[in-house]
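Student: A structural model of the following input is requested.
(chains A and B)
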There are 2 protein chains.
Amino acid sequence: MKIAVDAMGGDFAPEQIVLGAIAAAKQYDCEVVLVGDENKVKAELNKSPHWQDLKISIYHASDEIGMAEHPGAAVRRKKDASIVVATRLVKDGTCDAVLSAGSTGAAVASALFGLGRIKGIDRPTIATPMPTVNGVTLLLDSGANIDSKPQHLVQSALMGSIYAEYVFGIKSPRVGLLNIGEESTKGNEQALATYPLLQEMKTINFQGNAEGRDIPRGTFDVVVCDGFVGNVVLKFAEGLAKTIMKLIKETIKGGGWLAKAGAVLLVPTFKKLAKKMDYAEYGGAPLLGVNGCYIICHGSSNAKAIRSAIGVANEYVKNNVLEHISDSIAKEEILNNDSDGK
Amino acid sequence: MKIAVDAMGGDFAPEQIVLGAIAAAKQYDCEVVLVGDENKVKAELNKSPHWQDLKISIYHASDEIGMAEHPGAAVRRKKDASIVVATRLVKDGTCDAVLSAGSTGAAVASALFGLGRIKGIDRPTIATPMPTVNGVTLLLDSGANIDSKPQHLVQSALMGSIYAEYVFGIKSPRVGLLNIGEESTKGNEQALATYPLLQEMKTINFQGNAEGRDIPRGTFDVVVCDGFVGNVVLKFAEGLAKTIMKLIKETIKGGGWLAKAGAVLLVPTFKKLAKKMDYAEYGGAPLLGVNGCYIICHGSSNAKAIRSAIGVANEYVKNNVLEHISDSIAKEEILNNDSDGK
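Tutor: Have a look, this model is predicted:
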């Protein structure tokens, strides 16, 4: 298996991307193809002795897409940008997956232009693993689609369920619809119209409405929502986690030597906790619905996050997620009568 | 000033409601009227010696509305329910404010039927103070209105700004529109249509789009959104805060005696932190847009939360929030051309 990694995308590219690739090549049974400026990538690789013994190669791409560029226009114009080239490697069968910590918009645009959508899927969706008290909940869509139609949420539910089953190894994942009450009669127009469709589905284990609190509680394995709501929740969670950590530090700082001593004793505890809440542990977020394995990483990904994400891509491909999605679509009548969508 | 408190509403009513009323009567310059079953309320009051020396009275209401009842139907049918009676006391001028920790739906229905809306406001909105790194951000709407029109968000912005100024004492509060990107071109149809209207407003200090992370960061004083999104975020925040606390406790428990010793030394630190993140400190959430001061408290409110909420009601009335809202509405052309709304 070969995984194309956009070496130029991300706040800490290419250094952390290359380090992550090296760690992944050691840990997983796959070849990592670093796509980007050959000289820069090689310079980073050469900082690690014996990297040539690992299954790592470089595929030169002379250009890159910045965070401030318009995604669609940049992808069309810059044929040699690392993300565009990486996507092409999957399209032509050279690689099995693509992974990027660069502009999410550019990744989505590259995937759509380069790979297209799975038959039966109108819009691709980003599925973000959110840490919970006892594992993760997959939240989708978390920002690719807004003003979604009920049919789009149904497609998300199907793909999220397959992903949770075959990548996280959860048997019959519990799927919830994000809403403002538990009862089926609660919610906005979108949720009210989506609920009965989810109930009709044969290939998912729909468990009803999920409320905001159910995400950190881990009541569901997959939570489906409009990308507007998902994106707000995702960014809120990141902000809140950082704020709480900052408050803890400040309170300890202002708490005198007893508090400082206590904090020192608790360092291993906090480290364990931080690990549990750390997004980097769970790798990237798959862009589901495009014709290929496409993993989107957080812009601030470090080597650990990149390594985890390569592990995720590995599971995705090894377990034939794409095939399972297509199989499930074929089984769902409500996705095949073509009355809605787009 | 007289504040009518629904003594029968809330998970810990009437005990904690009565204790909160006693604490408030000691602290604030107002009279508290406990509305509910006279015998039950008196029995609670009698547990506190010398309560008769305080400005506290009882107003008998023979009925109450349960959490499971349909709010609108229950309010119409149960004329002697505590929340209905408390609302009537404000309507007829006996009291200046009403406060309840009972069913939010019943409170909203009582307020709408009993007090009506402020002229120029189509839908009332619940404004919840969210703890931030350096104070609070007012999030509205947090659950009263879903599928809001842009005009409704404009009305929320105006009312939230007035409330932040006159109750929290923030001069020229920074108002943000909750969205999925900073740029004015980002967002769903609702946000895109609302942005230019907020820009047109004369009485608020609109600072552009707020992202999810801006809420805990305290970048804005007032954040406006649809009630669906606000409710999801609010419940997510409550769930996440609880989850983090639970994880800290569990990790300390499993961390051996060093971690336990550290935790003991950090007790004062955690207490300070918990106080900062504690919703009870910030009192209830006002239902803005109805013709009267209406404070909604969390169902699990303890005496401290009730006391804080009575303090909030006190500030609301003393600073003429209702009048300021009406004054601002009169100054806003976009709220007076009657082309939109409802």
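Student: which element follows the helix or strand bottoming out on mean pLDDT in chain A toward the C-terminus?
Tutor: Counting by mean pLDDT, DSSP states H and E, chain A has its least confident helix or strand at helix A:267-277, which shows a mean of 70. For helix A:267-277, the following helix or strand on the C-terminal side (DSSP states H and E) is strand A:285-288.
Student: what kind of secondary structure is residue A:157 in?
Tutor: helix (DSSP: H, G, I helix; E, B strand; the rest coil).
Student: residues contacting the residue of the stretch 1-150 of chain A found nearest chain B?
Tutor: With Cβ to the nearest Cβ, the shortest gap between the stretch 1-150 of chain A and chain B falls at residue A:146, namely 4.3 Å. Where you see a C-beta, it was placed from the backbone N, CA and C, and this is true even at glycine. Applying Cβ atoms under 8 Å, 6 or more residues apart in numbering or on different chains to residue A:146 gives the contacts A:226-228, B:180, B:187-188.
Student: can you give me the strands for the stretch 1-150 of chain A?
Tutor: Using DSSP state E, counting those that start in this stretch, the strands found in the stretch 1-150 of chain A span residues A:2-6, A:31-36, A:56-60, A:97-100, A:125-126, A:128-132, A:135-140.
Student: tell me which strands and helices the third one is in contact with?
Tutor: Contact analysis of strand A:56-60 by 3 or more Cβ pairs under 8 Å, 6 or more residues apart in numbering or on different chains; DSSP states H and E lists helix A:15-27, strand A:31-36, helix A:38-45, helix A:82-91 as its packing neighbours.
Student: what are the C-alpha coordinates of it, in PDB please?
Tutor: Provided in PDB are the C-alpha atoms of strand A:56-60 (Å, rounded to 0.1, in the frame of the first residue of the first chain):
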ATOM      1  CA  ILE A  56       9.700   6.300   2.100                       C
ATOM      2  CA  SER A  57      10.000   8.000  -1.300                       C
ATOM      3  CA  ILE A  58       9.800  11.600  -2.600                       C
ATOM      4  CA  TYR A  59       7.600  12.700  -5.500                       C
ATOM      5  CA  HIS A  60       8.500  16.100  -6.700                       C
END
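Student: Can you list the buried residues in it?
Tutor: Neighbour counts over strand A:56-60 (16 or more other Cβ atoms under 10 Å in any protein chain shown) mark A:56, A:58-59 as buried.
Student: Who is residue A:126 paired with across the strands?
Tutor: Using DSSP bridges, the beta-bridge partners of residue A:126 come out as residue A:287.
Student: shouldn't it be in contact with residue A:144?
Tutor: Yes: when contacts are counted by Cβ atoms under 8 Å, residue A:126 is listed as touching residue A:144 (4.7 Å).
Student: Identify the contacts common to these two.
Tutor: A:108, A:227, A:287.
Student: Would you enumerate the residues in contact with the last one?
Tutor: If I follow you right, that is residue A:287. Each residue near residue A:287 by Cβ under 8 Å, 6+ apart is listed here: A:107-108, A:111, A:124-126, A:144, A:294-296.
Student: Using CSV, please lay out the buried residues of strand A:56-60 together with pLDDT.
Tutor: What follows is these, written out as CSV (pLDDT from 0 to 100):
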residue, pLDDT
A:56, 97
A:58, 98
A:59, 98
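Student: neighbours around residue A:77, how many?
Tutor: Neighbours of residue A:77 under the rule other Cβ atoms under 10 Å in any protein chain shown: 13.
Student: That one and residue A:39, how far apart?
Tutor: The gap separating residue A:77 from residue A:39 is 23 Å, by Cβ to Cβ, to the nearest Å.
Student: can you check residue A:311 too?
Tutor: Plainly put, residue A:311 is 28 Å away from residue A:39 if you go by Cβ to Cβ.
Student: same question, residue A:103
Tutor: The value you get for residue A:103 to residue A:39, if Cβ to Cβ is used, is 23 Å.
Student: Just the buried ones out of the contacts of residue A:287, please.
Tutor: For these, buried by 16+ other Cβ under 10 Å: A:107-108, A:111, A:124-126, A:144, A:294-296.
Student: can you put these in TSV and add pLDDT and distance to residue A:205?
Tutor: Shown next, in TSV, are the buried ones among the contacts of residue A:287 (pLDDT from 0 to 100; distance: Cβ to Cβ, whole Å):
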residue	pLDDT	distance to residue A:205
A:107	94	30
A:108	94	28
A:111	96	28
A:124	94	23
A:125	96	19
A:126	96	22
A:144	88	24
A:294	96	25
A:295	96	25
A:296	95	26
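Student: circling back to that earlier point, write the ChimeraX selection for whichever of the contacts of residue A:146 are buried.
Tutor: Those of the contacts of residue A:146 that count as buried under 16+ other Cβ under 10 Å are selected in ChimeraX with:
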select /A:226,227,228 /B:180,187,188
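Student: Among the contacts of residue A:146, name the ones in helices.
Tutor: Cross-referencing those against helices under DSSP state H gives A:227-228.
Student: And the furthest pair within the contacts of residue A:146?
Tutor: With distances taken as Cβ to Cβ, the most widely separated pair in the contacts of residue A:146 is A:226 and B:187, at 12.0 Å.
Student: Near chain B, which residues of the stretch 51-200 of chain A are found?
Tutor: Within reach of chain B by Cβ under 8 Å from any Cβ of the partner chain, the stretch 51-200 of chain A has these residues: A:132-133, A:143, A:146-147, A:178, A:180, A:187-189, A:191.
Student: Can you report how many residues lie near residue A:238?
Tutor: Residue A:238 has 17 nearby residues by other Cβ under 10 Å.
Student: Work out for me the element it sits within.
Tutor: Per DSSP H and E: residue A:238 is located in helix A:227-253.
Student: Taking their axis directions, that helix and strand A:128-132 sit at what angle?
Tutor: 40 degrees (axes from the mean of the first three to the mean of the last three Cα atoms, to 10 degrees).
Student: I'd like the average pLDDT over helix A:227-253.
Tutor: In this model, helix A:227-253 has a mean pLDDT of 84.
Student: Test my guess that residue A:134 contacts residue A:218.
Tutor: Yes: under the criterion of Cβ under 8 Å, residue A:134 makes contact with residue A:218 at 4.9 Å.
Student: who has more neighbours, the two?
Tutor: Shown here are residue A:134 and residue A:218; by other Cβ under 10 Å, residue A:218 has more neighbours (18 against 11).
Student: how close does the more buried one get to residue A:195?
Tutor: 22 Å.
Student: next one: residue A:204
Tutor: 13 Å.
Student: Could you do residue A:323 as well?
Tutor: Distance from residue A:323 to residue A:195, by Cβ to Cβ: 29 Å.
Student: Residue A:304: which element?
Tutor: Using DSSP H and E, residue A:304 falls in helix A:303-318.
Student: can I see the domain layout of chain A?
Tutor: A:1-121+A:289-326, A:122-286 (automatic domain parsing).
Student: Dump those domains into JSON lines; add distance to residue B:243 as well.
Tutor: Shown next, in JSON lines, are the domains of chain A (distance: least, Cβ to Cβ, whole Å):
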{"stretch": "domain A:1-121+A:289-326", "distance to residue B:243": "21"}
{"stretch": "domain A:122-286", "distance to residue B:243": "4"}
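Student: can you tell which of those is closest to residue B:332?
Tutor: domain A:122-286 (26.3 Å).
Student: Report the contact partners of the residue nearest to the spatial centre of chain A.
Tutor: Nearest to the mean C-alpha position of chain A, by Cα atoms, centre = their mean, lies residue A:285 at 0.4 Å. Contact partners of residue A:285, counting by Cβ under 8 Å, 6+ apart, are A:126-129, A:142, A:295-297.
Student: ok, so of those, who is nearest residue A:90?
Tutor: residue A:295 (11.2 Å).
Student: So residue A:311 and residue A:39 - more neighbours on which side?
Tutor: Taking neighbours as other Cβ under 10 Å, residue A:311 and residue A:39 compare with residue A:311 leading, 21 against 10.
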